[in-house]
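Novice: predicted model, plus sequence, below.
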Amino acid sequence: MSFIVNRQPGEEVYLQREFRGSHQHIFAMAVSNQALYLSAQKWALKDTWYFKRVPLSEVREVRLIKQRPGFILILALLMIAVGGLISFLMLRNMYFPMAGVPARASGWPIAIFVGGLVIPFIARGRKTLVVQLEKGRFKWRPQLAVDKNTRELYATIQQELIAACKRAGIQTSVS
């Protein structure tokens, strides 16, 4: 399942990057002097990922957009509220058991609460790579990563792709 660039005559590939994250999160992109190669998925049983070749004439712009924290903050607040409430109820039943009801404990509510506290910090500074085409757009929103090395790898790949697009003559912007 490897991404292969089928070069046209006189085509020079400036950059080819591939990232395979957890839970089948796959991203690949290549930039050449004639085209942009974007990862796409076909509906087949084997080897479903491939490079979609887009000529540079069909590419308007490549941008890095800072993600808005609204959705992540709402999700975090919801996780904190739900995790905290269920943890409180679970612990209340542990300390003040009701007659005939067995007291059970689980780590999931506390994990959800802690996840809600952590998510805004690990999502901070994440950027979406947007390729604006003549017909449609391609987006790569990196998955949330807890470890710093993976977050730095995302940022490095995105910066390298922006630099290669500039070299190919594609309009770029970073916000």
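Specialist: That came in fine, so what should we check first?

Novice: got the contact list for stretch 142-155?
Specialist: Counting contacts by C-beta atoms under 8 Å, 6 or more residues apart in numbering, the residues outside stretch 142-155 that touch it are 19, 21-23, 25, 27, 118-119, 122-123, 125-127. Using the backbone N, CA and C atoms, a C-beta is placed for each residue, glycine as well.

Novice: if you set the cut-off to 7 Å instead, what comes out?
Specialist: Contact with stretch 142-155 is made by 21, 25, 122, 123, 126, as judged by C-beta atoms under 7 Å, 6 or more residues apart in numbering.

Novice: is it fair to say residue 132 lies in a helix?
Specialist: No - secondary structure of residue 132 (DSSP: H, G, I helix; E, B strand; the rest coil): strand, not part of a helix.

Novice: do you know how far it is from residue 139?
Specialist: Here the criterion is C-beta to C-beta, to the nearest Å. By it, residue 132 lies 10 Å from residue 139.

Novice: list the buried residues for stretch 94-111?
Specialist: 109, 110 (16 or more other C-beta atoms under 10 Å).

Novice: actually stretch 82-91, not the one I typed
Specialist: If you call a residue buried by 16+ other C-beta under 10 Å, then stretch 82-91 has these buried ones: 83, 84, 86, 87, 90.

Novice: and the contacts of it?
Specialist: The list of residues contacting stretch 82-91 from outside it, by C-beta under 7 Å, 6+ apart, reads 105, 106, 109, 110, 112, 113, 116.

Novice: next step: these restricted to helices.
Specialist: 109, 110, 112, 113, 116 (DSSP state H).

Novice: so which helix or strand takes in the nearest residue to the last one once chain neighbours are set aside?
Specialist: If the residues on either side of it in the chain are set aside, residue 116 comes closest to residue 79, at 3.0 Å by C-beta to C-beta, 6 or more residues apart in numbering. Secondary structure from DSSP states H and E places residue 79 in helix 70-95.

Novice: phi and psi next, for the residue lying farthest from the centre of the chain.
Specialist: Here the chain reaches farthest from its C-alpha mean at residue 99, the gap being 48.4 Å by C-alpha atoms, centre = their mean. Backbone torsions for residue 99, taken as degrees, to the nearest 10, come to phi -60, psi 130.
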